[in-house]
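Participant: Sequence plus predicted model, see below.
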Amino acid sequence: MNPCTFELSSTEGKVSVADIRGDWVMGNTVPGFQSVKQLLEKQNCEQLDLKSDNLGHWDSRFVVFLFDLEAYCKGQGIVLNMEQLP
């Protein structure tokens, strides 16, 4: 199993890109949402683009993570772009 990671980078303006990698499945440790939230607060972005080129296997753990991320972004007024997800 490949480790799960959620890494943020900035692009022009107030857009951040989250690179989601690894196998987001039961039995693998996924990033705690609190740490992801702290990363997003530091970015101070208005839009978050999700990139999943290096996403491996995934199950309901990944879906739950996305629900949490979507709820957080909605509450913060951040546009969440999930077009590149499987």
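Facilitator: Cool, the structure landed.
Participant: quick one: buried residues of the strand or helix carrying residue 49?
Facilitator: For residue 49, the element it lies in under DSSP states H and E is strand 47-51. Using 16 or more other CB atoms under 10 Å as the test for burial, strand 47-51 gives 48, 49, 50, 51. In short, each C-beta sits where N, CA and C put it, glycine included.
Participant: what helices or strands is that strand leaning on?
Facilitator: Contact partners of strand 47-51 among helices and strands, from 3 or more CB pairs under 8 Å, 6 or more residues apart in numbering; DSSP states H and E: strand 15-24, strand 79-81.
Participant: Next secondary structure element downstream of it?
Facilitator: strand 55-58.
Participant: what are the pairing partners of the strand holding residue 49, and which direction each?
Facilitator: Partners of strand 47-51 in the sheet, by DSSP bridges, are strand 15-24 (parallel), strand 79-81 (parallel).
Participant: Deepest in the core, which of those is it.
Facilitator: strand 15-24 (a mean of 20; mean count of other CB atoms under 10 Å).
Participant: Now tabulate the helices and strands packed on strand 47-51 in CSV and tack on distance to residue 6 and mean pLDDT.
Facilitator: Below are these laid out as CSV (distance: least, CB to CB, whole Å; pLDDT from 0 to 100):
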stretch, distance to residue 6, mean pLDDT
strand 15-24, 6, 96
strand 79-81, 13, 97
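Participant: quick one: residue 8 from residue 28, how far?
Facilitator: Residue 8 sits at a distance of 20 Å from residue 28 (criterion: CB to CB, to the nearest Å).
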